[in-house]
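> Pasting a predicted model and its sequence here:
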Amino acid sequence: MKLTKLDFSVAILAGLTCLTMYFDLPVWALFIGWAWYFALGAKPGAFKEAIPAMLLGYILAAVAVVVYAASGHQMIALVLVVAVTVFLIMLSLKTSVFSCSLASFNAYSCMFAGYYAGNFPKVESISLDLNNVLICVLWLVLANVIGLLCGYISVTVGNLGNKNK
């Protein structure tokens with residue numbers, strides 16, 4: 001087993017990302033964005049592939065959360081809205097802009113995880129909690145994008161001095 005600069009740059013940067021916890025940024029969501037960067041080829045084009053699909057996944061999941069809340073948390077409403085919104089994701093995957101299923105589905109599930117776990121800076125609740133849904137989306141998008149940036153930085157630093165980048 002040969003150690004590389006990339007091994008060290010990823011490990012050190014991963015440790016430093018824990019500092020984002022001081023801002024209540026969910027480190028788990030950051031690592032998901034970072035994983036996207038590597039899964040999408042560890043190249044700058046990962047941003048263009050992941051971000052539009054990620055945004056769509058969050059928007060559709062936010063719609064599902066709001067509809068579920070508006071229904072008084074009726075399971076049938078959740079089943080129906082998830083079926084419809086996931087069908088829309090499936091249709092979006094047939095386009096060039098939103099074709100990254102990894103980011104779409106991860107973002108969709110991150111919204112449910114982050115919102116119901118409360119992994120965002122909450123404000124006082126209003127009727128359907130629309131403010132908190134929006135804040136959650138923005139907070140998780142920020143974490144995922146920082147994760148993509150961490151992937152880019154770790155690869156860039158890990159390749160410093162290499163002849164073949």
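Here it is on my side, so go on. Here the structure is a predicted model, which means the values were calculated and not measured.
> Enumerate every residue touching the closest residue to Pro121 other than its chain neighbours.
Taking C-beta to C-beta, 6 or more residues apart in numbering as the measure, Pro121 lies nearest to Asp24, with 5.7 Å between them; neighbours along the chain are not counted. (Each C-beta comes from the backbone N, C-alpha and C, glycine too.) Asp24 sits next to Asn119, Phe120, Pro121 when contact means C-beta atoms under 8 Å, 6 or more residues apart in numbering.
> now swap in Tyr152 and tell me
Contacts of Tyr152 were listed using C-beta under 8 Å, 6+ apart, and they are Tyr37, Pro44, Ala46, Phe47.
> what helix or strand does the last one sit in?
Phe47 is part of helix 45-70 when elements are defined by DSSP states H and E.
> ok, the residue nearest to Pro121 to Asn119 distance?
As defined by C-beta to C-beta, to the nearest Å, Asp24 lies at a distance of 8 Å from Asn119.
> ok so, going back, who wins on neighbours among the contacts of Asp24?
Across the contacts of Asp24, neighbour numbers were computed from other C-beta atoms under 10 Å; Phe120 holds the maximum, 23 neighbours.
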